[in-house]
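1. this one's structure only:
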């Protein structure tokens with residue numbers, strides 16, 4: 001037939017390779033995004049006051065924990081333990097920033113203290129940890 005040209009198989013296979021390459025890149029990117037979201041789904045302390053193993057003055061101590069994600073303040077808690085094992089439940093400030101827990105510890109005496117925190121991140125994961133510090 002005049003005027004009809006056959007399809008070149010070389011061009012078609014080149015397009016298939018390019019499409020497979022693009023699809024592979026897209027799949028790799030989607031997997032990377034999926035796993036990075038899982039890695040950041042747990043609330044992790046990125047800043048604390050007092051810091052781990054810090055030494056603070058006796059008396060009232062401001063407790064401030066900042067996390068890498070928003071947390072549910074109503075379902076999160078802070079506990080203080082003295083060297084003799086006495087537990088103090090701290091009342092957290094409901095007006096803390098969405099990624100922070102804040103509380104005031106009253107009249108801490110000299111010695112070793114241990115701050116235990118537990119938070120519920122807004123995605124539903126519970127994380128907890130400990131921050132030892134000293135009062136001088």
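-> Thanks, I have it. Keep in mind it's a predicted model, so treat the numbers as computed, not measured.
2. how about low-confidence regions in this structure?
-> Where the chain drops to pLDDT under 70, the residues are 1-3, 5-14, 21, 23-41.
3. show me where it has strands.
-> Under the criterion DSSP state E, the chain contains strands at 45-49, 55-56, 59-67, 71-82, 87-90, 100-108, 111-121, 126-135.
4. Among the ones you listed, show me which one is buried the most.
-> Mean neighbour counts were compared across the strands of the chain using mean count of other Cβ atoms under 10 Å; the top stretch is strand 111-121, at a mean of 19. C-beta coordinates here come from the backbone N, C-alpha and C atoms, glycine included.
5. Direction included, what does it pair up with?
-> Pairing partners of strand 111-121, with direction, according to DSSP bridges: strand 71-82 (antiparallel), strand 126-135 (antiparallel).
6. Take those strands and lay them out in JSON lines including distance to residue 115.
-> Below are these laid out as JSON lines (distance: least, Cβ to Cβ, whole Å):
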{"stretch": "strand 71-82", "distance to residue 115": "6"}
{"stretch": "strand 126-135", "distance to residue 115": "4"}
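7. Quick one: closest of those to residue 47.
-> Taking Cβ to Cβ as the criterion, residue 47 comes closest to strand 126-135 out of those, the separation being 11.2 Å.
8. Quick one: residues contacting the residue nearest the centre of the chain.
-> In the chain, the residue lying closest to the centroid (Cα atoms, centre = their mean) is residue 43, at 2.8 Å. Listed by Cβ atoms under 8 Å, 6 or more residues apart in numbering, the contact set of residue 43 reads 67-69, 71, 119-121, 125, 127.
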